[in-house]
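Participant: What follows is a predicted protein model with its sequence.
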Amino acid sequence: MPHDHHDHLSPSGHPYRKDDDVELTYWQTMEIAVRELLIEKGELTAAQITSQIDAMDARSPANGAQVVARYWTDPDFAEALLADGSQATRDMGYDIGPMKLIALPNTPTLHNVVVCTLCSCYPRNLLGLPPDWYKSRAYRSRTVREPRRVLSEFGVELSPDIEVRVHDSTADMRYIVIPNRPDGTEGWMQDQLAELVTRDSMIGTGLPKHS
Amino acid sequence: MTASGRRWHDMGGDASDPVLPDEHDFALWEKRVDALLVLCNVKGLFTVDGLRRVLEDMGPEAFETMSYYERWITSVNQNLIENGVYTIEELGQRMEEVKMRGNTYGDAANG
């Protein structure tokens, strides 16, 4: 049956969104028309669009996890990341373009969380495309007002003596949270440590995996 | 403007529902919209400020009724027409041609 996958989850565990084998929508029609006009007018090429999508697909939270794990293991890098996050991550091959990247290290008494109240700004070079919930009214509205309650909806319960600091992204400035290094990981290599770093731990709505 | 003096998209601090952990894998047409925005910006056809101006002018109803990339393609298209990359007549004509190709995205996009 060609259509039966809609009842299933994709390999990543998320549901498929309707795409090319259900009825064409108005907005899909517009996308096709806009893309073809841009190509015909000589503004873009089909190859550019394909390679941009390939580059987008290549960016995932694995990039951010490498940054965090290196921060934990390489003091010189940690210093460079805090001084100029854009340059330090560019040097690792994760170019953020003209935007400013700010790294936010958690401490035993401080927990950082990132939101974009106005839109959907997100460190795409380190985490890929933002998840739907990050762009939702609920997350955008409430995270700056009642962050502990929002965090508890993600299963993160913080003791009252831990300060929670919320950072509101802008079109020009992106944040990444550096979670606390899990206990029991002394002597681990960067790649091993990166396995513990979840996407949500770099947004602040989660914690790293245990060792 | 809302009673608070802020526009609708400036929603930080408002009351709202619990956060639902929704996410999905992006469809090809959604990735293409994203790619068009990035490439048009790089090429200087319009800016991210232009993208956001149209998104914000679309208002709260569009935010509730249209998906993220439906809003984005609307804004990309509006910016390109405003900046003279193509005309609204060209767009309308092309959309009619696209629809004639078939009833699914795959058929209409010629793969």
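Facilitator: Cool, the structure landed.
Participant: what kind of secondary structure is the residue nearest in space to the middle of chain B in?
Facilitator: The C-alpha lying nearest the average C-alpha coordinate of chain B belongs to B:Trp72 (C-alpha atoms, centre = their mean; 1.5 Å). Recorded secondary structure, B:Trp72: helix (DSSP: H, G, I helix; E, B strand; the rest coil).
Participant: For it, give me its contacts.
Facilitator: With contact set as C-beta atoms under 8 Å, 6 or more residues apart in numbering or on different chains, B:Trp72 has these partners: B:33-34, B:37, B:51, B:55. Using the backbone N, CA and C atoms, a C-beta is placed for each residue, glycine as well.
Participant: Neighbour-wise, which one of these leads?
Facilitator: Counting neighbours by other C-beta atoms under 10 Å in any protein chain shown, B:Val33 comes out on top of the contacts of B:Trp72 with 28 neighbours.
Participant: My read is that it contacts B:Ser67, right?
Facilitator: No: look at B:Val33 against B:Ser67 with C-beta atoms under 8 Å: they stay out of range, at 10.2 Å.
Participant: how does chain A divide into domains?
Facilitator: Chain A breaks down by automatic domain parsing into domains covering A:4-57, A:60-203.
Participant: Please convert these to JSON lines, extending it with mean neighbour count, distance to chain B and mean pLDDT.
Facilitator: Listed next are these as JSON lines, based on neighbours: other C-beta atoms under 10 Å in any protein chain shown; distance: least, C-beta to the nearest C-beta, whole Å; pLDDT from 0 to 100:
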{"stretch": "domain A:4-57", "mean neighbour count": "15", "distance to chain B": "4", "mean pLDDT": "82"}
{"stretch": "domain A:60-203", "mean neighbour count": "18", "distance to chain B": "3", "mean pLDDT": "96"}
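Participant: Tell me which of those domains sits nearest to B:Thr87.
Facilitator: B:Thr87 sits nearest to domain A:4-57 of all the domains of chain A, at 9.6 Å, using C-beta to C-beta.
Participant: if I pick A:Leu38, what's in contact with it?
Facilitator: Contact analysis of A:Leu38 by C-beta under 8 Å, 6+ apart lists A:44, B:36, B:40, B:80, B:85.
Participant: Narrow those residues to those in helices?
Facilitator: Of the positions in the contacts of A:Leu38, B:36, B:40, B:80 sit in helices, assigned by DSSP state H.
Participant: residues near the last one, how many?
Facilitator: Here the neighbour count serves as a burial measure; for B:Leu80 (other C-beta under 10 Å) it reads 22.
Participant: So it sits against B:Tyr86, correct?
Facilitator: Yes: using C-beta under 8 Å, B:Leu80 is in contact with B:Tyr86, at 6.4 Å.
Participant: quick one: the spatially closest residue to A:Arg124 that is not a sequence neighbour and B:Tyr68, what's the gap?
Facilitator: Closest residue in space to A:Arg124, ignoring its immediate chain neighbours: A:Arg59 at 6.2 Å, by C-beta to C-beta, 6 or more residues apart in numbering or on different chains. To B:Tyr68, A:Arg59 is 18 Å away according to C-beta to C-beta, to the nearest Å.
Participant: Output the longest helix belonging to chain B.
Facilitator: Longest helix in chain B by number of residues (criterion: DSSP H): helix B:48-65.
Participant: Now that helix: buried residues?
Facilitator: Neighbour counts over helix B:48-65 (16 or more other C-beta atoms under 10 Å in any protein chain shown) mark B:50-51, B:53-56, B:58, B:63 as buried.
Participant: thinking again about what came up before, residues contacting the residue nearest to A:Arg124?
Facilitator: Applying C-beta under 8 Å, 6+ apart, we find A:Arg59 in contact with A:94, A:124-129.
Participant: Quick one: mark the members of these that sit in helices.
Facilitator: A:124-127.
Participant: Contact partners for the residue of chain B found nearest chain A?
Facilitator: The nearest approach of chain B to chain A comes at B:Gly12, 3.0 Å away (C-beta to the nearest C-beta). Residues in contact with B:Gly12 (C-beta under 8 Å, 6+ apart) are A:115, A:117-118, A:140-141, A:143-145, A:168.
Participant: Dump those residues into a markdown table; add secondary structure and distance to A:Gly184 as well.
Facilitator: As requested, those are exported to a markdown table (DSSP: H, G, I helix; E, B strand; the rest coil; distance: C-beta to C-beta, whole Å):
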| residue | secondary structure | distance to A:Gly184 |
| --- | --- | --- |
| A:Val115 | strand | 31 |
| A:Thr117 | coil | 37 |
| A:Leu118 | coil | 40 |
| A:Arg140 | helix | 36 |
| A:Ser141 | helix | 38 |
| A:Thr143 | coil | 31 |
| A:Val144 | coil | 34 |
| A:Arg145 | coil | 36 |
| A:Asp168 | strand | 34 |
